[in-house]
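Undergrad: My questions concern the predicted model and sequence given below.
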Amino acid sequence: MDKLQYQTLGEFIIGNQDDFLYSSGELSRLINSIRLAAKTVNHKVNKAGLVDIVGAAGGINNHGEDQQKLDVYADQIFIKALTNRQIVCGIASEENDDFIVVQGSDKSNQNKYVVLIDPLDGSSNIDVNVSVGTIFSIYTRVTPTGSPVQIEDFIQPGHRQVAAGYIVYGTSTMLVYTTGNGVNGFTLNPAIGTFYLSHPNMEIPADGHIYSINEGYYNHFSEGVKEYLKYCQEDEDDRPYTARYIGSLVSDIHRNILKGGIYIYPQTSKSPNGKLRLLYECNPMAFLIEQAGGLASDGHKRIMDIVPTELHQRIPFFAGSKNMVEKAMYFLNKSVH
């Protein structure tokens, strides 16, 4: 590990303060609060099987999905960390029906950032000891500072994000984020509880040999997706590609950024609008993928150009190595003409 990689996340944030346009320190403190919450969730995840935190919590979230105990716990931890420090004016979580208005002691909030978060992506994998993660997205509010946040502060197109990132809780715990000036990854040293720069300037290879998709829904895919999968499986040139699907968006995207590959969650006859959430999953991952040199599309247009219409909007998602995503788009567009 060279001298650069001994740098802590806190030191990195201070050293790159100029990357945070129009910020007077709030964004730095905001990322630091996410770091603190991530360490708390990581501690709980690592105790799975030893304490009563695995399994279903008995509730159902707004997407009709069974909530896991760790979903609820992670949601509470991140919301508490962000509200207690008075550094945001609003929070939207995948686990809650509506956004949360954060007010200061004077019943107003002079902060300018809102956070959208998926507190524990892939939580159903906890019971079987498979990697899970957290995804976050940060915007500058569009309504007047000091007034309560409104829905329009949250339903902004992805290209307006000022920062985005994810935490993967796996064999090691990593926090990966971007502020629009490249992607950097930090690994947690559990002995002292500090994140160190371990993956500076992350770049996804333009080509890859991995495709990630739940092929159990093959019969429900469009013809364009089926044709692309056949292309991936053909025995010619540098193919067939290898199928790798963990079922945790954070884990699949993280692997593909490091090794090259494409992640696909298309629309199906059962889910014609797609399944992944634009604001909590697709926009932040698209920002990271693009900053790492890749592409992210809904099959026909750039993810970060989509104008959201609702807080929990779902869309199809194709993201990863540039040449692989372009090839997938070729088959999708070919099948429509």
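TA: Cool, got the structure.

Undergrad: Could you say which helix or strand holds K39?
TA: If you go by DSSP states H and E, K39 is part of helix 26-45.

Undergrad: does Y73 count as helix, strand or coil?
TA: Here Y73 is helix, with the state taken from DSSP: H, G, I helix; E, B strand; the rest coil.

Undergrad: wait, isn't it in contact with V41?
TA: Yes: taking contacts as CB atoms under 8 Å, Y73 lies within contact range of V41: 7.4 Å. Backbone N, C-alpha and C define where each C-beta goes, glycine included.

Undergrad: okay, the two: which has more neighbours?
TA: V41 (24 against 19; other CB atoms under 10 Å).

Undergrad: Let me know the distance separating the more buried one from V102.
TA: Distance check for V41 against V102: by CB to CB, to the nearest Å, it reads 20 Å.

Undergrad: According to the record, where do the domains of the chain fall?
TA: With domains defined by automatic domain parsing, the chain comprises 3-199, 210-336.

Undergrad: Using CSV, lay out the ones you listed together with mean pLDDT.
TA: Formatted as CSV, these follow (pLDDT from 0 to 100):
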stretch, mean pLDDT
domain 3-199, 85
domain 210-336, 96
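
Undergrad: For burial, what's the neighbour tally of D98?
TA: 12.

Undergrad: next one: N333
TA: Applying other CB under 10 Å, we find 12 residues neighbouring N333.

Undergrad: so who does it touch?
TA: N333 sits next to G224, H300 when contact means CB atoms under 8 Å, 6 or more residues apart in numbering.

Undergrad: Assign the residue with the largest distance to the centre of the chain to helix, strand or coil.
TA: Distance from the C-alpha centroid of the chain, by CA atoms, centre = their mean, peaks at E236 (33.8 Å). Counting by three-state DSSP, the backbone at E236 sits in coil.

Undergrad: quick one: it and Y228, what's the gap?
TA: E236 sits 15 Å away from Y228, going by CB to CB.

Undergrad: and what of I204?
TA: Plainly put, I204 is 19 Å away from Y228 if you go by CB to CB.

Undergrad: Same question for I246.
TA: Separation of I246 from Y228 (CB to CB): 20 Å.

Undergrad: Among those two, which residue is more densely surrounded?
TA: Counted by other CB under 10 Å, I246 and Y228 do not tie: Y228 has more neighbours, with 27 against 18.

Undergrad: Name all residues that make contact with the closest residue to Y73 other than its chain neighbours.
TA: Closest residue to Y73 apart from its sequence neighbours, by CB to CB, 6 or more residues apart in numbering: K44 at 6.0 Å. K44 makes contacts with I53, L70, Y73, A74, I77, as judged by CB under 8 Å, 6+ apart.

Undergrad: what's the neighbour count on I87?
TA: 23.

Undergrad: For the residue lying closest to Y217 once chain neighbours are set aside, give me phi and psi.
TA: With sequence-adjacent residues excluded and distances taken as CB to CB, 6+ apart, Y217 is closest to T268, at 5.3 Å. T268 adopts backbone torsions of phi -130, psi 170, taken as degrees, to the nearest 10.

Undergrad: Count the residues that sit near T268.
TA: When counting by other CB under 10 Å, one arrives at 19 neighbours for T268.

Undergrad: same deal with E152?
TA: Counted by other CB under 10 Å, the residues lying close to E152 total 11.

Undergrad: Cool, thanks, signing off.
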